[in-house]
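Trainee: any chance you can model this:
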Amino acid sequence: METVTPREALAYALSREMAVLYVVVLGGYVAMLLGGWFAADWAVRGGGGGLVGQLLAAVFFLAGFTAVLGGLIGFVYKVIADANDVART
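Mentor: Numbering: from 1, shown residues only. The predicted structure is shown next:
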């Protein structure tokens, strides 16, 4: 078993591939918040957004949920794949 220094761990956590996954998860989280806010805001206003507004809110929420879930699965896959690569060498 190889020991990882804090500098190596930080370099791995801030690598370009990991940064892309961070952006995907953060963007998905923001889209989920916006979708929930749009839905709640239109519900409070008595359905002022109408059916189109509710559908738009649902699309934002579902797209955000998909991005968050995909980003988290990507994190797990990347860490496992990189660990297997290190173990082979």
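Trainee: excluding chain neighbours, what is closest to residue 75?
Mentor: residue 21 (5.5 Å; C-beta to C-beta, 6 or more residues apart in numbering). Yep, even glycine has a C-beta here, placed from its N, CA and C like the rest.
Trainee: mind checking which helix or strand the one you found is in?
Mentor: According to DSSP states H and E, residue 21 maps onto helix 16-44.
Trainee: what's the average pLDDT for that helix?
Mentor: For helix 16-44, the per-residue pLDDT values average out at 90.
Trainee: buried stuff in it?
Mentor: Within helix 16-44, the residues scored as buried using 16 or more other C-beta atoms under 10 Å are 18, 21, 24, 25, 28, 31, 32, 34, 35, 38, 39, 42.
Trainee: the longest helix along the chain vs helix 16-44, what angle?
Mentor: Secondary structure of the chain per DSSP state H: the longest helix is helix 50-88. Note on geometry: by axes from the mean of the first three to the mean of the last three C-alpha atoms, to 10 degrees, helix 50-88 and helix 16-44 are set 160 degrees apart in direction.
Trainee: list the buried ones in helix 50-88?
Mentor: By 16+ other C-beta under 10 Å, the buried positions in helix 50-88 come out as 53, 56, 57, 60, 61, 63, 64, 67, 68, 71, 74, 78.
Trainee: so which other helices or strands are in contact with that helix?
Mentor: helix 16-44 (3 or more C-beta pairs under 8 Å, 6 or more residues apart in numbering; DSSP states H and E).
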